[in-house]
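A.B. asks: Sequence first, predicted model second:
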Amino acid sequence: MNIETIREKALKYKDWTAQNLSRIIKVPAMSNQEKERILLLKDLCETIGFDEVRIDGLGNLLARVGSGIKKLVIDAHIDTVGIGDRSQWKRDPFSGDIEGGLVHGRGASDQTGGAASMLTAGKILKELHYAGEYSVWFVFSIIEEDCDGMCWKYLIEEEHFVPDFFVSTEPTSLKLYRGHRGRMEMEVHLKGVSCHGSAPERGISAAYKASRAALAIEKLNNELKSDSDGFLGKGTVVVSKMDVHGPSQCAVPDQALLYLDRRLTWGETRDMAIEQVRSAILDAGVDAVEVVMPEYRVQSWTGKEYGQELYFPTWKLNADHPLVQAGEETCKKLFGKPPVVDKWTFSTNGVAVAGRHNIPCIGFGPGDEEQAHAPNEVTRVEDLWQAAAFYAALPYVLPEIVAQSRT
């Protein structure tokens, strides 16, 4: 296969890719409100002429090119966070404006830019009459912002749709990513004894317990260690929410809750993290500590109810893995130089695919991680065509690298 042909086609469709991204942005799709955007993407896929286009039970959109036995999956979550403080936006968050080499709007980088590039890649593969050993599946997934990876937990565990290789199109600034820290959420429940606020010495304040517990968590965060090879970095823990209440405003509070965001580096587990929190708080002199991991459960836009515990395992792929090497070789062939190989700071659907199910995963996406969830979000038009070229070329390069690794 002439890789230069793919590059030329991706460049030819550069403006078309940006215009598709603009169309996607103009249809808002926060988590569990993705129906209209999914239907738009379904129409676009059918117009392009994918070999198969379907919506699964949860509401993810799947589009296939090729009929190989193995599955190469390229994934973009198409839901976004909200807009936050509207006054911080210089233009309509859902304008989809294309100006100055940028596409503007919520989700431009995180991560509908990846979805737009996937459409173009599918179009290129169809025009090239792709018939390689992989079925190339482009998956436009949902609910990632509320519960990353749950869409893929559903696909793998409920619909038995299991990729052989997986590419996330989350923003990487066109670097090649091979892992990221995991994460989990925890609730810390503390109890005191209420009494009238005029005589606080008669009670035990849950507010003071919560304060000491929060400081213990700050201390724990400073003590957490990096992974052994330093690739993913140290784990972190932060108190993201505190709630204290009692019988009235004139009483010593008897209940407190701390909500924790815990980022897990390589080798850290949920049981370890829960015990670390419990021990840190007990060591700070706070008793009656209960640490639990909450569950996320929701009814998706299709009406399907699904959920999971709020635990998202760490994952990474070795630098010499054939999928990583195939990503590097694809960049060399397309762009004349190897990519920077790195990792995400945030979490992606890789937590389910690679973290839970040990399926090889890499990341390559248009846009910048720093744009995620920020006001005035943008992505570069130049990134879009290059990402499209990568997704279209990888199915041709990957079999060669896999074959070489077996010799």
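C.D. replies: Okay, I see it.
A.B. asks: pretty sure Gly192 contacts Arg202?
C.D. replies: No - applying C-beta atoms under 8 Å as the test, Gly192 and Arg202 come out as separate, 11.5 Å apart. Backbone N, C-alpha and C define where each C-beta goes, glycine included.
A.B. asks: Those two: which is more packed in?
C.D. replies: Gly192 (21 against 11; other C-beta atoms under 10 Å).
A.B. asks: What sits closest to that one if chain neighbours are left out?
C.D. replies: Closest residue to Gly192 apart from its sequence neighbours, by C-beta to C-beta, 6 or more residues apart in numbering: Ala206 at 3.5 Å.
A.B. asks: That neighbour against Leu258, yeah?
C.D. replies: No - look at Ala206 against Leu258 with C-beta under 8 Å: they stay out of range, at 10.7 Å.
A.B. asks: Which neighbours do those two have in common?
C.D. replies: Counting by C-beta atoms under 8 Å, 6 or more residues apart in numbering, the common neighbours of Ala206 and Leu258 are Leu190.
A.B. asks: Helices of the protein, start to end?
C.D. replies: Ranges of helices in the chain, per DSSP state H, are 3-12, 14-25, 35-48, 113-127, 150-157, 206-223, 270-283, 322-335, 350, 381-406.
A.B. asks: ok, so what distance separates Trp152 from Cys331?
C.D. replies: 25 Å (C-beta to C-beta, to the nearest Å).
A.B. asks: swap in Asn376?
C.D. replies: Taking C-beta to C-beta, one finds Asn376 at 29 Å from Cys331.
A.B. asks: Give me the pLDDT for Thr407.
C.D. replies: For Thr407, the model assigns a pLDDT of 78.
A.B. asks: Now do it against Leu323, distance only.
C.D. replies: Noted for Thr407: a distance of 17 Å to Leu323, by C-beta to C-beta.
A.B. asks: Asn222 now?
C.D. replies: For Asn222 relative to Leu323 (C-beta to C-beta), the value is 36 Å.
A.B. asks: same thing with Lys35?
C.D. replies: 33 Å.
A.B. asks: So which of the two has more stuff around it?
C.D. replies: Leu323 (25 against 16).
A.B. asks: Does Ala280 touch Asn221 like I think?
C.D. replies: No - assessed by C-beta under 8 Å, Ala280 is found out of contact with Asn221, at 9.5 Å.
A.B. asks: Compare those two (neighbour count), which wins?
C.D. replies: Counted by other C-beta under 10 Å, Ala280 and Asn221 do not tie: Ala280 has more neighbours, with 21 against 18.
A.B. asks: Contacts only, for the more buried one.
C.D. replies: With C-beta under 8 Å, 6+ apart, Ala280 has these contacts: Ala216, Ile217, Lys219, Leu220.
A.B. asks: Pull out the buried members of those.
C.D. replies: Burial by neighbour count, 16 or more other C-beta atoms under 10 Å: within the contacts of Ala280 this picks out Ala216, Ile217, Leu220.
A.B. asks: what's stretch 326-341 in contact with?
C.D. replies: 3, 6-7, 167, 174-178, 319, 324, 362, 364, 386, 389-390, 393-394, 397-398, 400-402.
A.B. asks: Now do that stretch, average pLDDT.
C.D. replies: Stretch 326-341 comes out at a mean pLDDT of 97.
A.B. asks: and of the contacts of Ala280, the nearest to Met293?
C.D. replies: Checking those against Met293 by C-beta to C-beta gives Ile217 as the nearest, at 15.5 Å.
A.B. asks: Hmm, the closest one is touching Ser240, no?
C.D. replies: No - with contact defined as C-beta under 8 Å, Ile217 does not count as touching Ser240 (10.3 Å).
A.B. asks: hey, what's in contact with both of the two?
C.D. replies: Leu260.
A.B. asks: give me the number of residues near the closest residue to Gln404 other than its chain neighbours?
C.D. replies: Closest residue in space to Gln404, ignoring its immediate chain neighbours: Pro322 at 7.8 Å, by C-beta to C-beta, 6+ apart. Residues lying near Pro322 (other C-beta under 10 Å) number 21.
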